[in-house]
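Undergrad: Pasting a predicted model and its sequence here:
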Amino acid sequence: MHIHESAFFGAFLLFFIVVLLIDLGLFNRKSHTVGFREACIWLGIWISLALGFYLFLYFSGDVLHGVQDSVHLEKITSLYRQDIAMSGNFAQDITSYNHHIALEFLTGYLIEYALSVDNVFVMIMIFMSFRIAPKYYKRVLFWGILGAVIMRFLFIFISSALLQEFSWVMFVFGGLLIFTGIRMLFHKEKEGILDTSGHPVVKIASKYFRVDRSYSGHRFFLRKDGKLMLTPLFLVLMVIEFSDVIFAVDSVPAIFSVTQDPFIVFFSNMFAIIGLRSLFFIVMGVIDTFHYLKTGLGVLLFVIGLKMIFAEWLKEVGFGTEHSLMIIGVILGLSILASLIFPKKKQAN
């Protein structure tokens, strides 16, 4: 990582940390139940920030890698396998490059945010299963997201290094996404309650640490009879972190189908993660309305997996990032439309 890349990356991380502190630490110190209206307002703010970053890349994306001349530009596009036709005019080539990576970011952001919906479904099930009070959801999600940032950072840059060294890793990622997509389409999950005592994370934590299952407050740890104990809220946090690792295995390779620039992949992930908590509380309010969205996500993963496997052939026929963006929009739009046209039948009591 060069000095200019490190500076840009460091500035972005600082911005990201400040945003998270503003969201939770400064304005909402007390635990409270986040309403649908509040969640929508925050979601609008996060989406606006992501679109602002898209515009930044669109006009000044070359700042990311500190591109200074045509030789450096060709080196960057070759390293990250970006299909950009060079005209020989540096100014025009920079403009094309900026527009290209901005579109990669937007497409990756949309993919990650769409796949986050499935992650949210699982989180809702976890909270319901552990019978956690809604006013503590935001606290758990905040710390869960901080852990997710660290894990995504490691996973993204390790994956990028593997892709640069071994091109066949693309086929592995593609096969993984196809398998996950098929599993989402045909695997029927039980609604509502998980076996909390049988979850591997809970079993391991209970084996090696003391757990006070009677505690129902906001603390993650407490002292009882002079002994440090875990609370059920911390168990929920551990289960959510474990779940995010599983989802990262799906979502991060999906974005690598759009771009192999680890910085663009990371920025797409981070902007989606920033809005994850707001998305959680919105999905809580509409979970039964858009019931075909999970089916749409399964189709989306399947299609992205195929795109990764046939990437070289698709390039030859002129399939670009803009086509990926359109396909994603169509799949998600149809799943939402189908949910509205064919509403979920209410079960008789």
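TA: Received it, and whenever you're ready, just let me know what you need.

Undergrad: Now do P253 against S60, distance only.
TA: 28 Å (C-beta to C-beta, to the nearest Å). For every residue, glycine as well, the C-beta is placed using N, CA and C.

Undergrad: more crowded one of those two?
TA: Between P253 and S60, counted using other C-beta atoms under 10 Å, P253 has the larger neighbour count: 26 against 12.

Undergrad: The more buried one touches S160, doesn't it?
TA: No: P253 is beyond contact range of S160, at 11.1 Å (criterion: C-beta atoms under 8 Å).

Undergrad: what's the neighbour count on G181?
TA: Residues lying near G181 (other C-beta under 10 Å) number 22.

Undergrad: So for it, what's the pLDDT?
TA: With respect to pLDDT, G181 scores 84.

Undergrad: V149 now?
TA: In this model, V149 is scored at 78, pLDDT.

Undergrad: Where does pLDDT dip in the stretch 1-150 of the chain?
TA: 1-4, 23-34 (pLDDT under 70).

Undergrad: all helices for it, in order.
TA: 3-20, 36-60, 70-79, 90-130, 137-165 (DSSP state H, counting those that start in this stretch).

Undergrad: The stretch 151-300 of the chain now?
TA: Under DSSP H, counting those that start in this stretch, the stretch 151-300 of the chain gives helices at 169-186, 200-208, 232-256, 262-274, 276-286, 293-309.

Undergrad: centroid residue for this structure?
TA: Nearest to the geometric centre of the chain sits E112, at 4.2 Å (C-alpha atoms, centre = their mean).

Undergrad: list the contacts for that residue?
TA: By C-beta atoms under 8 Å, 6 or more residues apart in numbering, the contact set of E112 is 251, 254-255, 268-269, 272.

Undergrad: To I126, which of the helices of the stretch 151-300 of the chain lies closest?
TA: Evaluated over the helices of the stretch 151-300 of the chain, closeness to I126 peaks at helix 232-256, with 5.5 Å, by C-beta to C-beta.

Undergrad: Can you list the buried residues in the closest one?
TA: For helix 232-256, the buried set under the neighbour-count rule, 16 or more other C-beta atoms under 10 Å, comprises 232-244, 247-248, 250-256.

Undergrad: and it, how far from the chain's centre?
TA: Its chain's C-alpha centre and that of helix 232-256 lie 10 Å apart, by C-alpha atoms, centre = their mean, to the nearest Å.

Undergrad: tell me the mean pLDDT over it?
TA: 84.

Undergrad: Which strands or helices does that helix pack on?
TA: Contacts defined by 3 or more C-beta pairs under 8 Å, 6 or more residues apart in numbering; DSSP states H and E place helix 232-256 against helix 90-130, helix 137-165, helix 169-186, helix 200-208, helix 262-274, helix 293-309.

Undergrad: winner for burial among these?
TA: For the helices and strands packed on helix 232-256, the largest average neighbour count (mean count of other C-beta atoms under 10 Å) is found in helix 262-274, namely a mean of 24.

Undergrad: And it, how far out from the chain middle?
TA: In terms of C-alpha atoms, centre = their mean, the gap separating the centre of helix 262-274 from the centre of its chain is 8 Å.

Undergrad: can you list the residues that contact it?
TA: Here helix 262-274 has contacts from 5, 8-9, 12, 16, 19-20, 23, 46, 49-50, 53, 64-65, 101, 104-105, 108-109, 111-113, 116, 145, 148-149, 152-153, 156-157, 159-160, 251-252, 255-256, 259, using C-beta under 8 Å, 6+ apart.

Undergrad: Equivalent analysis for stretch 86-104, please.
TA: By C-beta under 8 Å, 6+ apart, the surrounding residues in contact with stretch 86-104 are 54-55, 57-62, 64, 67, 69-70, 73-74, 76-77, 82, 84-85, 258-259, 261, 264, 321-322, 325.

Undergrad: Pull out the buried members of these.
TA: Those of these that meet the buried threshold are 54, 57-58, 61-62, 64, 67, 73, 76-77, 82, 84, 258-259, 261, 264, 321, 325, by 16+ other C-beta under 10 Å.

Undergrad: residue contacts, L301?
TA: Going by C-beta under 8 Å, 6+ apart, L301 touches 115, 177-178, 180-181, 184, 250, 254.
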